[in-house]
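Student: here is my input, please return the structure:
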Amino acid sequence: METNTMQIPLQITLRGITQSDAVETAIREKADKLDQFHPHIMSCRVVVECPAQHKQQGKEFVVRIDIKVPGAEIAVNRDHSEDVYVALRDAFDAARRQLEDHARRRRGDTKTHIPPDTD
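Tutor: Okay, here's the model as predicted:
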């Protein structure tokens, strides 16, 4: 039976937050899904950090994703979400959109708008 896991190097860095298997698992699952949107991902680096905060504010998370594909490097920064899973979701959604756009450009596909009928 063939496994459907990402075969590309994935580097995960957590800064300013406690090491968490649950967060790392969420990152791995989301990174695995990126393969569906671009077939030639060479590497993926994810950094999740919780910068020092003022005492009256809650924790805010910053997520940075760097993805290397042939001919390009895609970088996504998402910050200021108080829920690490929301921050991850938003960052990976943005990465997916950029990968789809890059793959479309590489294929020569462009979004074309059909002009409305003028009849």
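Student: all helices of the chain, in order?
Tutor: Secondary structure of the chain (DSSP state H): helices located at 21-34, 84-107.
Student: quick check: buried residues in the longest one?
Tutor: Of the residues in helix 84-107, those buried under the neighbour-count criterion (16 or more other Cβ atoms under 10 Å) are 84, 87-92, 94-96, 98-99, 102. No exception for glycine: its C-beta is placed from N, CA and C like everyone else's.
Student: got it, and stretch 38-55?
Tutor: For stretch 38-55, the neighbour count (16+ other Cβ under 10 Å) marks 38, 41, 44, 45, 46, 48, 50 as buried.
Student: flag the least confident of the buried residues of helix 84-107.
Tutor: The member of the buried residues of helix 84-107 with the lowest pLDDT is residue 102, and it reads 87.
Student: quick one: contacts for that one?
Tutor: Applying Cβ atoms under 8 Å, 6 or more residues apart in numbering, we find residue 102 in contact with 38, 69, 72, 74.
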